[in-house]
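Participant: Build me a model:
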Amino acid sequence: MLNWFNAKEAQAFGTQLANFYMHRVPYEAPFSQKKFAAKTQDTLKKMQLQVQQFRQQHQLNMYQKAKLGNAFKWTLRDGGYDTQYVDEITEWLIVQF
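Facilitator: Next comes the predicted model:
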């Protein structure tokens, strides 16, 4: 029962994904709209592969998914990304699970 509340791996993975995203799509990068969209799509595809691999190795419950999403969201927010954009990409991430 106590393992249900153990979300350390999920939180670490959420932070890792956010750092992965921030490294590839920097907040203040001078991208054009077209280049930004292409860069974002490429990064999301790579993230999706990482999520699939993580999902195969870990069965997450609702609490762990929430902690993963929260770690991802706040890492991006602390990185300076727009709140609405962060909410949208976090929703995308949670749907992947």
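
Participant: In this structure residue 77 contacts residue 87, no?
Facilitator: No - with contact defined as Cβ atoms under 8 Å, residue 77 does not count as touching residue 87 (9.4 Å). (Glycine included, C-beta is placed from N, CA and C.)

Participant: Of those two, give the one with the bigger neighbour count.
Facilitator: With other Cβ atoms under 10 Å as the criterion, residue 77 and residue 87 differ in neighbour count, and residue 77 comes out ahead with 16 against 13.

Participant: pLDDT below threshold where in the chain?
Facilitator: Applying pLDDT under 70 to the chain flags the ranges 1-2, 29-31.

Participant: all helices for it, in order.
Facilitator: Counting by DSSP state H, one finds helices in the chain at the ranges 8-24, 33-57, 62-78, 83-96.

Participant: what's the distance between the residue nearest to residue 70 when sequence neighbours are not counted and residue 36?
Facilitator: By the measure of Cβ to Cβ, 6 or more residues apart in numbering, the closest residue to residue 70 outside its immediate chain neighbours is residue 14, 7.1 Å from it. The span separating residue 14 from residue 36 equals 23 Å under the rule Cβ to Cβ, to the nearest Å.
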